[in-house]
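> Give me a 3D structure for the following:
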Amino acid sequence: MTSPDPYGPEWVRHTAIASDGIRLAYWTAGEGTPLVLVAGQAVDHRSWQIAGPALLPGRQVIVFDHRGIGDSELGDASRFTMRLFAEDVVSILDAAGVERADVVGHSMGGRVAQWLAIDHPGRLRRLVLVSTSAGDAYGTLRSDATDHAIRSSDPNEVATLFWAEDRRDLVRLLAVGRDRTALARHHRASTRHDALADLGRITTPTLVLHGELDPLTPLDNARILDEHIPTARLTVVKGARHGIVLDGGLGLQIVDRFLRPDRTPSSRANGGGRDSVGG
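So this is what the prediction gives:
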C-alpha cells in the first residue's frame, strides 16, 4: 500500500507492532544506509515531507507516526513516556528488518532519540539531535510570548517560531494530530523527559544541531547536550529558529554531510567541538 500525498508512490506504507501490541504506521523509500526520522511533539510523518525525500539518495529513509498520531494507534495513553516512544522506534526497526540505522530526532523527537541511544546503542550508527534538550528542568525556558503563540493554535503564528522568514508555505509541515487525549499525553510525556544523568552513556557519534534564535528551545539547551554527551559536536546555525531541518535548508545540508558513510564521524575523540555556521 502506498502512502498518500505529500509523499510519492515510491513511499510504501507498512505496519509495525509495538511492545504493547498496538499498530504503528511507518513509511519507507529508497535503498542504502537506513535512516529513521523521528518527528516532534504530536506531529505526524508529514513534517518530513521536504527533508525525507531530500535525504533519499543512497539511503533507505523511514518516517513514521508516533502512537496516537496520524495512522498509529493510541494504546494506553497513561503510559506515554519518551522511553516508551523510543521502544516504538525499535519495534519499527525490527519490522523493517533494520539492525542499525542513523537516527535524526527533531524537537520532542530528539528527546525520544536520546533514550534510543541510551537504551539501545547497538541499534544506532550515528545520531543527530535537532532543536531539543535534556529536559525542561535544565536550560532556559521559553518566553511567555512563545507560550502564547503555541497556545494560539494559529498555524501561521506557530510557524513564526519555526522559521525566521514569512514562510506560510511551510505551515503544512506542522500537521498536528486531532486526538485530544493523545495531544495532552504527548505534552505530558515530553515535559517529564529528563535524560541528563544518562547522557554520558551515549556512545554513538552525535551531532547536536540548533538554531541560534530558536524561541521554543533556547540555545543553551543545546550546549547542555553538547557538554554531557561524550561523543557530541555542537553546530549552531546563525539566524535559524526551531524548524532548522524541516525546511530543507542549510540545517538539512549539515545533517546530510554528517551522516554520509564516507565521512569520518564528528566527535571530541577525533577533533569534535563547536561550530557556528550560516549568515
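> In the longest helix anywhere in the chain, which residues are buried?
Longest helix of the chain, by residue count under DSSP state H: helix 82-96. Buried residues in helix 82-96, defined by neighbour count with 16 or more other Cβ atoms under 10 Å: 82-93, 95-96. (Each C-beta comes from the backbone N, C-alpha and C, glycine too.)
> swap in stretch 116-135?
Neighbour-count burial for stretch 116-135 flags 116-118, 120, 123-135 (criterion: 16+ other Cβ under 10 Å).
> if we can go back for a sec, which element follows the longest helix of the chain toward the C-terminus?
The first helix or strand that comes after helix 82-96 along the chain, using DSSP states H and E, is strand 101-106.
> For that following strand, buried residues please.
Buried, per 16+ other Cβ under 10 Å, within strand 101-106: 101, 102, 103, 104, 105, 106.
> Contacts for the following helix or strand past that strand next, please.
Helices and strands here follow DSSP H and E; after strand 101-106, the next one along the chain is helix 108-119. The contact list for helix 108-119, computed with Cβ atoms under 8 Å, 6 or more residues apart in numbering, reads 37-41, 82-83, 85-87, 89-90, 103-105, 123-124, 127-135, 186, 190, 193, 195, 198-199, 201-204, 206.
> Name the nearest of the buried residues of strand 101-106 relative to residue 53.
residue 104 (14.1 Å; Cβ to Cβ).
> Average pLDDT for stretch 224-232, rounded please.
Stretch 224-232 shows a mean pLDDT of 98.
> nope, stretch 172-192 is what I meant
Mean per-residue pLDDT for stretch 172-192: 89.
> Between its first and last residues, how far does it reach?
Using Cα to Cα, to the nearest Å, the end-to-end distance of stretch 172-192 comes to 28 Å.
> And stretch 25-40, by the same measure?
Stretch 25-40 stretches 16 Å from its first residue to its last (Cα to Cα).
> Could you check that stretch and say which residues are buried?
Buried residues in stretch 25-40, counted by 16+ other Cβ under 10 Å: 25-30, 33-40.
> Tell me which stretches of the stretch 151-279 of the chain form helices.
155-162, 180-191, 220-228, 250-259 (DSSP state H, counting those that start in this stretch).
> okay, those in JSON lines with mean neighbour count and distance to residue 67 next?
Converted to JSON lines, the helices of the stretch 151-279 of the chain look like this (neighbours: other Cβ atoms under 10 Å; distance: least, Cβ to Cβ, whole Å):
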{"stretch": "helix 155-162", "mean neighbour count": "18", "distance to residue 67": "23"}
{"stretch": "helix 180-191", "mean neighbour count": "17", "distance to residue 67": "8"}
{"stretch": "helix 220-228", "mean neighbour count": "20", "distance to residue 67": "25"}
{"stretch": "helix 250-259", "mean neighbour count": "20", "distance to residue 67": "25"}
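> Which two of the buried residues of strand 101-106 have the greatest separation?
101 and 106 (15.8 Å).
> and residue 131, what is it in contact with?
Contact partners of residue 131, counting by Cβ under 8 Å, 6+ apart, are 106-107, 110, 209-211, 214, 216-217, 242-245.
> Run a quick neighbour tally on the residue lying closest to residue 41 once chain neighbours are set aside.
Nearest-residue entry for residue 41: residue 108, 3.8 Å, with adjacent residues in sequence omitted and distances by Cβ to Cβ, 6 or more residues apart in numbering. Neighbour count for residue 108, taken as other Cβ atoms under 10 Å: 27.
> do the same with residue 178
There are 10 residues near residue 178, going by other Cβ under 10 Å.
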